[in-house]
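Enquirer: only the shape, not the letters, is given here:
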């Protein structure tokens, strides 16, 4: 039994009663609200970024992903089984949203239908987005040209990072088992934070925003993933010390609020401890995955939904009617995506497919 396996035999991770489904839904809704404010540019929603932070929500997603994907890998029968689970979970709904937007674009494009369908930009959009290279062609021809932003689905940049992480997990875990677990995790964390700091500094000094795009790619987000991985392999230690770690993290949040620079190097750890505490150690708040995991659907469908309603002028006519309509549409699409697409591709042993016994 390796050191990792010995630790895991004592970690007692509760995979049935935790708050991760709730957290992912909350973070997806947070991103929805922030994008609602940005995309509509409505004064009625200008207060939202003061209370909700989409970057923190996305970084928290990465922490949870590091934790749960490591769990998925360790519980996979083989490498093929692991990659099959990841592909089945993420790609069917992703494929659907890309194709639906491409097909639906013909009805809202300022171009005539034949001009739209024969436009090379349409093919480029489909190919680039289906291969997770959203940044190459984020726009559809003649679609959302009068909106504040023209991108069809600007939220999908994180999916590319998720996929890159999925691909590298077997290598990371091999290194963890081959060498010192904690040393490898610390090296990953330090490298990631330095990457983020370096390219953020270059963006600030040169004024070239593409450095920020480089900063937020996988090496820059690896610190959050690595905290999630740490939480998996050292779960029993975190559980034993969760109150002390929670208090230290809350103190770190206070310091970060008043002076981010002084503690920015530790921020992924501070946020990660809070997320893991809320997911694993806080009181269980109920089975929010009982009727399916709709957080992914909320995340991938909310951006084009807001863009569509904005282009139709609904938010200009009535911001709050637009808000209610967008919320209902996004939740409806998320549930349809789950029941018609996502759930059908899951393996039968997925906990979302467990039969809920009647009371």
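Expert: Here it is on my side, so go on. Worth saying up front: this structure is predicted, and the values here are computed from it rather than measured. Numbering: from 1, shown residues only.
Enquirer: the bottom helix or strand of the chain by mean pLDDT?
Expert: The helix or strand of the chain with the lowest confidence, counting by mean pLDDT, DSSP states H and E, is helix 3-9 at a mean of 46.
Enquirer: quick one: name whatever helix or strand follows that helix.
Expert: Next in sequence after helix 3-9, counting helices and strands by DSSP states H and E, comes helix 20-40.
Enquirer: run through the neighbouring helices and strands of the helix or strand just after that following helix.
Expert: The helix or strand immediately downstream of helix 20-40 is helix 48-51, counting by DSSP H and E. Of the remaining helices and strands, those touching helix 48-51 by 3 or more C-beta pairs under 8 Å, 6 or more residues apart in numbering; DSSP states H and E are helix 20-40. Quick note: C-beta positions are derived from backbone N, CA and C, even for glycine.
Enquirer: what is the helix it packs on packed up against?
Expert: Using 3+ C-beta pairs under 8 Å, 6+ apart, helix 20-40 sits against helix 48-51, helix 54-74, helix 295-311, helix 319-337.
Enquirer: what comes up buried for it?
Expert: For helix 20-40, a neighbour-count test (16 or more other C-beta atoms under 10 Å) marks 20-25, 27-40 as buried.
Enquirer: again, but for stretch 258-265
Expert: residue 263.
Enquirer: what does it contact?
Expert: Here stretch 258-265 makes contact (C-beta atoms under 8 Å, 6 or more residues apart in numbering) with 193, 197, 252, 255, 256, 267, 270.
Enquirer: what's the first-to-last distance across it?
Expert: Stretch 258-265 has an end-to-end distance of 15 Å (C-alpha to C-alpha, to the nearest Å).
Enquirer: and it, average pLDDT?
Expert: Averaging pLDDT along stretch 258-265 gives 84.
Enquirer: now stretch 42-55
Expert: pLDDT averaged over stretch 42-55 gives 94.
Enquirer: can you tell me how far the residue nearest the centre of the chain sits from residue 44?
Expert: In the chain, the C-alpha nearest the mean C-alpha coordinate belongs to residue 61, at 4.6 Å (C-alpha atoms, centre = their mean). Residue 61 sits 27 Å away from residue 44, going by C-beta to C-beta, to the nearest Å.
Enquirer: with residue 149 instead?
Expert: As judged by C-beta to C-beta, residue 149 and residue 44 stand 18 Å apart.
Enquirer: can you tell me which residues contact residue 229?
Expert: 66, 67, 70, 172, 176, 185.
Enquirer: do the same with residue 276
Expert: Counting by C-beta under 8 Å, 6+ apart, residue 276 makes contact with 63, 67, 227, 228, 231, 238.
Enquirer: count of neighbours near the second one?
Expert: If you count neighbours by other C-beta atoms under 10 Å, residue 67 ends up with 27.
Enquirer: residue 346 and residue 165, how far apart?
Expert: Distance from residue 346 to residue 165, counting by C-beta to C-beta: 20 Å.
Enquirer: between those two, tell me which one has more neighbours.
Expert: Remark: of residue 346 and residue 165, residue 165 carries more neighbours, 22 against 16, as counted by other C-beta under 10 Å.
Enquirer: spatially nearest residue to that one, not counting backbone neighbours?
Expert: residue 225 (5.5 Å; C-beta to C-beta, 6 or more residues apart in numbering).
Enquirer: verify the contact between the one you found and residue 62 for me.
Expert: Yes - using C-beta atoms under 8 Å, residue 225 and residue 62 qualify as a contacting pair, with a distance of 5.5 Å.
Enquirer: of these two, which one has the most company?
Expert: Between residue 225 and residue 62, counted using other C-beta under 10 Å, the more crowded position is residue 225 (29 against 26).
Enquirer: show me what contacts residue 200?
Expert: Contact analysis of residue 200 by C-beta under 8 Å, 6+ apart lists 211, 212, 215.
Enquirer: need the pLDDT of it.
Expert: In this prediction, residue 200 carries a pLDDT score of 86.
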